[in-house]
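Enquirer: Build me a model:
(one chain, ligands or ions: 1)
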Amino acid sequence: MPVFAIAQLDFGYPWWLSYGHLPLVLGAAALLLAGYRRKWSKWPMLALGVLALWSSAALLVTRFVLDINGRPSLPTQSFLRSGAGRVLDMGAGTGRSSIMVLDSRPQATLVALDLFAHSFEQHFGRSESPQQRLLANLKAAGVDRRATIETGDMRKLPFESGAFDAIVSAYAIDHLNRQGIDQSLAEAARVVKPGGDFLLMLIAKEPWAQFAFGPLLMHGGPRGPAWWTARLQAAGFQVLEEGTHPLTLYLLGRRL
Ligand SMILES: C[S@@+](CC[C@H](N)C(=O)[O-])C[C@H]1O[C@@H](n2cnc3c(N)ncnc32)[C@H](O)[C@@H]1O
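Expert: A predicted model of the protein is given here:
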């Protein structure tokens, strides 16, 4: 009988983003047990109980709500409503945002662009061929025939003007400095067709993320929707929608 290897998605975000609260859960539980046996006083036991409850809840939130290594859904159904067209993913990484778009827009094709350099290694670790890691995930998701991989800098995109019907960029532009942000948004405005959508997703201080991580995980400082709206408008986009999704602030822009 033939044996089929079932390819697994592996986005490669660090383990602690999904399971970082587990040591706290185990530590608090062990101390509670020790305290119960040795009859510790009420206040340390209460503090340990609160720690155990919060860390257990935060573990469930990171694993099942934020789910950074899981297959994500689009934060808004208004993105690429036509369902078809050529999409660019700026800062595709190991493919999570590309797969999000290709999963929910089965008539679309996509170019997954990344610099595959220092920032890639920072997030996903060193690997022989980052492009192969991305390709393996596109294949595991069954979307590789609608995707191509491009190595390039989102601050100077290697594409003709108006080459795309829509653009997505998730948790990537917020890693750049102010100049890099403006350059990338101007490049996005150049390569998308007039009337095309731009879905910008950023790591945000939304309630689920704050509950689990407090002030950690903030890229680009405490920049809120008004700051990003102004940057998008300056680049030539009208902002149609903004909102939050677990771990995410998103803005949907349309090229004027
Ligand atoms: C946190 S990852 C996000 C990956 C993916 N979009 C996702 O949703 O999982 C950020 C990615 O942006 C890429 N990146 C950073 N600066 C870049 C640049 N100037 N041009 C292209 N990609 C860049 C990094 O290599 C990294 O893969």
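
Enquirer: Helices along the stretch 1-150 of the chain, start to end?
Expert: Residue ranges of the helices in the stretch 1-150 of the chain, as given by DSSP state H, counting those that start in this stretch, are 16-19, 22-38, 42-60, 96-104, 118-124, 130-140.

Enquirer: Throw the ones you listed into a markdown table and include distance to the ligand and mean pLDDT, thanks.
Expert: In short, each C-beta sits where N, CA and C put it, glycine included. Compiled in a markdown table, the helices of the stretch 1-150 of the chain are given as follows (distance: least, CB to the nearest ligand atom, whole Å; pLDDT from 0 to 100):
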| stretch | distance to the ligand | mean pLDDT |
| --- | --- | --- |
| helix 16-19 | 11 | 93 |
| helix 22-38 | 22 | 97 |
| helix 42-60 | 21 | 97 |
| helix 96-104 | 3 | 98 |
| helix 118-124 | 3 | 95 |
| helix 130-140 | 8 | 97 |
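
Enquirer: Tell me which of these sits most buried.
Expert: Ranked by mean neighbour count, the helices of the stretch 1-150 of the chain are led by helix 96-104 with a mean of 23 (mean count of other CB atoms under 10 Å).

Enquirer: Quick one: work out the angle between it and helix 130-140.
Expert: Counting by axes from the mean of the first three to the mean of the last three CA atoms, to 10 degrees, helix 96-104 points 20 degrees away from the direction of helix 130-140.

Enquirer: which helices and strands does helix 96-104 pack with?
Expert: If you count contacts as 3 or more CB pairs under 8 Å, 6 or more residues apart in numbering; DSSP states H and E, helix 96-104 packs onto strand 84-90, strand 107-114, helix 130-140, strand 164-170.

Enquirer: strands paired with the second one, and their directions?
Expert: When sheet partners are counted by DSSP bridges, strand 107-114 sits next to strand 84-90 (parallel), strand 147-151 (parallel).

Enquirer: does any part of that strand sit near the ligand?
Expert: Yes. Counting by CB under 6 Å from any ligand atom, the ligand is contacted by strand 107-114 at Asp114.
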